[in-house]
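Mind looking at a prediction? Sequence and model below.
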Amino acid sequence: MFEWNICRAEIRMNMRSYITWTAIMLAVVFIYLGSYAWIEELSFDELMEGYPDMFTTGLGISPDAFGDVNRYWGSMLGFLGMLISSIYAMMLAGGLISRDPDLGTVEFLYTRPVKRSKIMLSKVAVFFLFITDLWLIVYIASIAVGMLYAAPGEFDPAVQGWVHLAGYLASLGAGGIAFAAAPFFDRVQSSTSLAIGLGLGFFMFNMVSNLVDSLGFLKYLSIHHYADVQGASAGEPFTVGLITLLGIFLAGTLIGVHFLNRKEFDA
């Protein structure tokens, strides 16, 4: 099912970017979760009551969130964490497929007696490994910072398990979308641009749908809606949405395999 030589090669080539993006996510954990006690002392919930809707309803960060560390961290992950991780997930997935025609390695790799579907599934396995490790590390770091420093006795590992699972599945779903589109690109730069555009687009669709009732339908175009990290942080995970994200990942992978099998590469 997998070509292990391809898996090892892709792990080596993508390890540096994985370390970089993981460091960025850990910085978010240490800076924003680590500062919760300071924010709570400032009575930030009262300060935010006068903020415009764009900073509360639009971003999904209600004043009440600043009085509960679990809801606060769910809001931060739903805003910053998912924006960062979804862009990385799509850049990784798109780059895994578009790099070969970009570098010219496709002439060697795709002429070997290995099915294209096996090649792509090997790359999908590498993507799955990196994203799983990323969110596992973020979860462990969140538990450590939350329970030992930010809010001992208040930070709930079970609730945060749902929160981080939602972010993880959203990243998988974003990667599935990138895998479906990647066979149409022959340059890594093109897939990177798509990743950044879609990552920001998902965020904007969710924000606009929260702000404008007549544009509420836009939420269905955003992975943020299906993850519903804020709901998970309140102990009410959107189970159907989480299953939908997993389905998007699986469907996107299968669509990508189909298009890659049909693609003709220039000699």
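Now that the structure is in, tell me what you want to look at. Keep in mind it's a predicted model, so treat the numbers as computed, not measured.

Could you pull out the helices in the stretch 151-267 of the chain for me?
Using DSSP state H, counting those that start in this stretch, the helices of the stretch 151-267 of the chain run over residues 157-181, 188-211, 223-227, 229-233, 239-262.

residues of the last one that come out buried?
Using 16 or more other CB atoms under 10 Å as the burial criterion, the residues of helix 239-262 that qualify are 241-242, 244-245, 248-249, 252-253, 255-257, 259-260. Quick note: C-beta positions are derived from backbone N, CA and C, even for glycine.

I'd like the next helix or strand past the helix or strand of the chain with the lowest mean pLDDT.
Ranking every helix and strand in the chain by mean pLDDT, DSSP states H and E puts helix 44-47 at the bottom, with a mean of 52. Going down the chain from helix 44-47, the next helix or strand is helix 69-76, by DSSP states H and E.

ok, back up a step: may I see the helices of the stretch 151-267 of the chain organised as a markdown table, with distance to Lys115 and mean pLDDT added?
A markdown table is the format used below for the helices of the stretch 151-267 of the chain (distance: least, CB to CB, whole Å; pLDDT from 0 to 100):
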| stretch | distance to Lys115 | mean pLDDT |
| --- | --- | --- |
| helix 157-181 | 16 | 96 |
| helix 188-211 | 22 | 88 |
| helix 223-227 | 30 | 94 |
| helix 229-233 | 38 | 89 |
| helix 239-262 | 8 | 94 |
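
With Leu96 as the reference, name the closest of those.
helix 157-181 (8.1 Å; CB to CB).

helices or strands up against the closest one?
helix 69-76, helix 82-103, helix 116-145, helix 188-211, helix 223-227, helix 229-233, helix 239-262 (3 or more CB pairs under 8 Å, 6 or more residues apart in numbering; DSSP states H and E).

mind putting the ones you listed in CSV, distance to Asp156 included?
Shown next, in CSV, are the helices and strands packed on helix 157-181 (distance: least, CB to CB, whole Å):
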stretch, distance to Asp156
helix 69-76, 5
helix 82-103, 20
helix 116-145, 10
helix 188-211, 25
helix 223-227, 18
helix 229-233, 9
helix 239-262, 18
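
Out of these, flag the one nearest Phe155.
Nearest of the helices and strands packed on helix 157-181 (CB to CB): helix 69-76, 5.5 Å.

quick check: mean pLDDT across that closest one?
The average pLDDT within helix 69-76 is 87.

same for that helix, what does it pack against?
Using 3+ CB pairs under 8 Å, 6+ apart, helix 69-76 is in contact with helix 36-41, helix 157-181, helix 229-233.

So which of these is nearest Gly95?
helix 157-181 (8.8 Å).

Which positions within that closest one qualify as buried?
Neighbour-count burial for helix 157-181, counted by 16+ other CB under 10 Å, picks out 159-160, 162-181.

Give me the distance from that helix to the chain's centre.
Counting by CA atoms, centre = their mean, to the nearest Å, helix 157-181 is centred 6 Å from the centre of its parent chain.

so where is the stretch 1-150 of the chain shaky, pLDDT-wise?
Flagging of the stretch 1-150 of the chain using pLDDT under 70 yields the residue ranges 40-66, 102-114.

ok, the nearest residue to Gly241 once chain neighbours are set aside - contacts?
The shortest distance from Gly241 to any non-neighbouring residue, by CB to CB, 6 or more residues apart in numbering, is to Tyr226 (3.6 Å). Neighbouring residues of Tyr226 by CB atoms under 8 Å, 6 or more residues apart in numbering: 170, 173, 238, 241-242, 244-245, 248.
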